[in-house]
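>>> Could you work out the structure for the sequence below:
(chains A and B, ligands or ions: 2)
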Amino acid sequence: MDNATDLTRNPKQPRAYSFKQLLPWLIPVGLIIIWQIAGSLGWISTKLLPTPWSVIQDGVSLWQSGELQKNMGISLYRALVGFAIGGSVGFFFGMLNGLSKTARALFDSTIQMLRNIPHLSLIPVVIILFGIGETAKISLVTVGVMFPIYINTFHGITSVDPELIEMGRAYGLSKREMLTKIVFPGALPTILVGVRYALGVMWTTLIVAETISSTSGIGYMATNAQEFMNMKTVLLCIVIYALLGKVSDLIAKLLEDICLDWQAERSR
Amino acid sequence: MAEPLLTLERIGKVYGDKTALHDVNFSIYPGEFIALVGMSGGGKSTILRLIAQLEQPTSGQIKYADPDMVTRVMFQNDRLLPWMTNVQNLSFKSSDKAQQARAKAMLETVGLQDFPDSYPSSLSGGQKQRLALGRALMADPQLLLLDEPLGALDALTRRKMQDSITEICQQQHLTTLLITHDVEEAARMADRVIVVKDGTNVYEADGAKGQDAATIGTVSEDVLNVILNTPQEV
Ligand SMILES: Nc1ncnc2c1ncn2[C@@H]1O[C@H](COP(=O)(O)OP(=O)(O)OP(=O)(O)O)[C@@H](O)[C@H]1O
Ligand SMILES: [Mg+2]
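Numbers count the residues shown, from 1 in each chain, chains lettered A, B, ... in the order given. Ligands and ions are numbered 1, 2, ... in the order given. All right, here's what the predicted structure looks like:
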């Protein structure tokens, strides 16, 4: 009897699972289909709200003219350079202040004070200092990314289980081994939370910066299209932002899965 | 008797305005198994931390026969590194080939040869403690310090672990200091039982290692009376 019920249940299992996987897509895909139908049947003005299909077509033609790649490339470049600089600075000070009490006393309160300034409020300052060149955009991203990485690195380092550190001491680990075998791996989950958050900040900052003052990039594409009342391209830019955001999130998640595989086992 | 491995002389330890230890005196001789028993807060862990040189005494001194003696601690909780696999936890100090091989062998000694590459989080409480014991044994310590290592285990697992610790210590001729709340455990495992009370060692009894249940019972009764401070105090 028991065997029989087991046999009937097992083949059903995978199907129930894949339905659950499809569930999150139901609402977005459904909305897009309704939107397309509404547009095609003329229920809504395609001038104000172009259909998804025409947005895709717009994307294809911008790609063929090469404009899309050029602007995406320049945006990506700004994002990555800003992230690399801001991330390194934040990581460096996070490690330094996490490990050294002296450095903490010297830097931390100043950093906490600066952190409370919304980095987007620096836009006028940056424009006056650097004009609308690359430096302006990259430095804004740098500032935006720096703090979440700093806070999380610092917090990660200082909240490593002191009992594990004591164990390392009792087992005669050198300072360096302590760092590479206990402190850094212990802080890594928190640091990666910071990375994930910083990737989000990176895109938002860049979008705002490019929208306000730029002659290239996706943000510029959107502003430019807005001046010509070109709703298709504006929507296209928004879709691209969404995709870029999703891709960075996936990369962050992948990084977590690779670096923190030991955490996966616990929840299994 | 042989030279002691180490001697505690009039040891005192003060934290802020709290006196954790005052006037602790005893020696540890090579090859013996000592149990420290006493009520919670009596100062047992503090003694262990001083011997392991995790802290310095406020007064008195600890004389080591060999200042470079290898000492290993097994803490009250397992303190395994969650980001390392079980076998990596054993060889976490160095990853050279010889240590890797030794770690594999040690895994067998503590009965965990079936789970080399999983993480400690997937082990049971008793298995974690055995892994922690294996890690402490990896360096061939001259002195093994065990701080209430079996406190979190159920009675059956606890009994099994007691036997395997006794066996391993005997096989490897280890000098061992065991801290425990459990007077019977102390009597069963130790050559010598030392009672710590209110920050000092107040009593010492011969243990009943390898002897019958009746002897173990007599020793634990005796020690328990001292701890509870019943009137017939000497
Ligand atoms: N780092 C510390 N700071 C302040 N007081 C401490 C510290 N460590 C221990 N003490 C105090 O010293 C006393 C002895 O503590 P200890 O941990 O040695 O007791 P114990 O005998 O190991 O107790 P238990 O059996 O509960 O583990 C306690 O009163 C404790 O509060
Ligand atoms: Mg204790």
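>>> name the element B:Phe92 belongs to?
Here B:Phe92 sits in a region with no helix or strand, counting by DSSP states H and E.
>>> close enough to count as contact, A:Val208 and A:Gly219?
Yes - with contact defined as Cβ atoms under 8 Å, A:Val208 reaches A:Gly219; the gap is 7.4 Å. To be clear about C-beta, it is placed using only N, CA and C from the backbone, and glycine gets the same treatment.
>>> Among those two, which residue is more densely surrounded?
Shown here are A:Val208 and A:Gly219; by other Cβ atoms under 10 Å in any protein chain shown, A:Gly219 has more neighbours (23 against 17).
>>> Now do the strands in the chain.
Looking at chain A here, since you left the chain open. Counting by DSSP state E, chain A forms no strands at all.
>>> my bad, chain B
With strands called from DSSP E, chain B shows them at B:6-15, B:18-28, B:33-37, B:59-64, B:71-74, B:143-147, B:175-180, B:192-197, B:200-206.
>>> Pop the domain breakdown of chain B in here.
Listed by automatic domain parsing, the domain ranges of chain B are B:1-69+B:143-234, B:80-141.
>>> among those, which is nearest chain A?
Comparing those by their distance to chain A (Cβ to the nearest Cβ), the top pick is domain B:80-141, with 4.2 Å.
>>> Briefly note if that closest one comes near chain A.
Yes - interface with chain A: domain B:80-141 contributes B:Leu81, B:Pro82, B:Trp83, B:Met84, B:Phe92, B:Lys93, B:Ser118, B:Tyr119, B:Ser121, B:Ser122, B:Ala139 (Cβ under 8 Å from any Cβ of the partner chain).
>>> Quick check: the first one touching B:Phe92?
Read it as B:Leu81. Yes - look at B:Leu81 against B:Phe92 with Cβ under 8 Å: they come within range, at 6.2 Å.
>>> Centroid-nearest residue for the chain?
You didn't say which chain, so I picked chain A. Nearest to the mean C-alpha position of chain A, counting by Cα atoms, centre = their mean, stands A:Leu199 at 2.8 Å.
>>> Sorry, I should have been clearer: chain B.
Nearest to the mean C-alpha position of chain B, by Cα atoms, centre = their mean, lies B:Leu146 at 1.9 Å.
>>> Let me see the confidence value for that one.
Note on B:Leu146: pLDDT of 94.
>>> just B:Lys44 next, same as before
With respect to pLDDT, B:Lys44 has a value of 93.
>>> next one: A:Ser65
Per-residue confidence (pLDDT) for A:Ser65: 94.
>>> quick revisit: show me the common contact partners of B:Leu81 and B:Phe92, please.
Residues touching both B:Leu81 and B:Phe92 (Cβ atoms under 8 Å, 6 or more residues apart in numbering or on different chains) are A:Lys181.
>>> how many other residues sit next to A:Gly90?
Applying other Cβ under 10 Å, we find 27 residues neighbouring A:Gly90.
>>> Tell me who's in contact with it.
A:Val145, A:Met146, A:Phe147, A:Pro148, A:Ile149, A:Tyr150, A:Thr153, A:Gly194, A:Ala198.
>>> what two of these have the greatest distance between them?
Maximum pairwise distance among these (Cβ to Cβ): 12.2 Å, between A:Val145 and A:Thr153.
>>> The two: which has the busier surroundings?
For A:Val145 versus A:Thr153, the count of surrounding residues by other Cβ under 10 Å is larger for A:Val145: 30 against 27.
>>> How about that one, nearest residue that isn't a chain neighbour?
Leaving aside its sequence neighbours, A:Val145 sits nearest to A:Gly86 (Cβ to Cβ, 6 or more residues apart in numbering or on different chains; 3.4 Å).
>>> Distance of the one you found relative to A:Gly219?
The gap separating A:Gly86 from A:Gly219 is 18 Å, by Cβ to Cβ, to the nearest Å.
>>> can you check B:Met106 too?
Taken as Cβ to Cβ, the span from B:Met106 to A:Gly219 is 59 Å.
>>> pLDDT-wise, which helix or strand of chain A ranks last?
Ranked by mean pLDDT, DSSP states H and E, the weakest helix or strand in chain A is helix A:261-267, scoring a mean of 70.
>>> Give me the below-cutoff pLDDT ranges for the stretch 101-250 of chain A.
By pLDDT under 70, the stretch 101-250 of chain A has no low-scoring segment.
>>> List the buried residues in stretch A:31-40.
Going by neighbour count (16 or more other Cβ atoms under 10 Å in any protein chain shown), the buried part of stretch A:31-40 is A:Trp35, A:Gly39.
>>> And stretch B:32-47, by the same measure?
B:32-38, B:42-47.
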